[in-house]
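1. With the input below, show me the fold.
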Amino acid sequence: MFQRFKKKLSDMPVSYGAVVNKQINIYLELKKQHTASTENEILDILLTSRIRTYSMLPQPSFKKQLVYYKPLLEDDEKTLDDVIFHIVWYEFIISRQDWVAKHSTPRELRSFEIEVEKYISDQIKQRVAHE
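-> The predicted structure follows:
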């Protein structure tokens, strides 16, 4: 069953892997540009840049996004893993809630969540730990 859901997700224009890698690239660039900033400040910049990117959305969608990210912005102990996971989850699940409800089961969503968390963790270990 999970493979069916995953196949439908892979038909989308952008893969979650591409989103993860793009966010890591942006994070690495921010680290270079903001050498005096704390980790939390850099993660906040990453999140707010993502929010600003979508500020052209219709107002209800934009407000929904702000509500979703607000607790993460207020969390002083967030990690890069947390931030990227929330971005992917919003992009592929929250913003497509109606579609997801029709095309997935709770078990498939949990499998997707586990896969995404592992992918993010692996990519961060490979790419960020070496910087």
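
2. Only C-alpha atoms from now on, for both contacts and neighbour counts.
-> Fine.

3. and the closest residue in space to Leu80 that isn't next to it in sequence, how many residues sit next to it?
-> Spatial nearest neighbour of Leu80, chain neighbours left out: Leu43 (6.7 Å); criterion: C-alpha to C-alpha, 6 or more residues apart in numbering. Other residues within reach of Leu43, judged by other C-alpha atoms under 10 Å, total 24.

4. Contact partners for Arg127?
-> Ile24 (C-alpha atoms under 8 Å, 6 or more residues apart in numbering).

5. Could I get the pLDDT score of it?
-> Arg127 carries a pLDDT value of 91.

6. Phi, psi for the residue most central in space within the chain please.
-> With distances taken as C-alpha atoms, centre = their mean, the residue of the chain nearest its centroid is Ile87 (2.0 Å). Phi and psi for Ile87, reported as degrees, to the nearest 10, are phi -60, psi -50.

7. helix, strand or coil for the spatially most distant residue from the centre of the chain?
-> Here the centre of the chain is the reference, and by C-alpha atoms, centre = their mean the most remote residue is Ala36, at 24.8 Å. Reduced to three states with DSSP: H, G, I helix; E, B strand; the rest coil, the structure at Ala36 is coil.

8. what does Ser61 give?
-> Per three-state DSSP, Ser61 ends up helix.

9. count of neighbours near it?
-> 14.

10. how much space is there between it and Gln97?
-> 12 Å (C-alpha to C-alpha, to the nearest Å).
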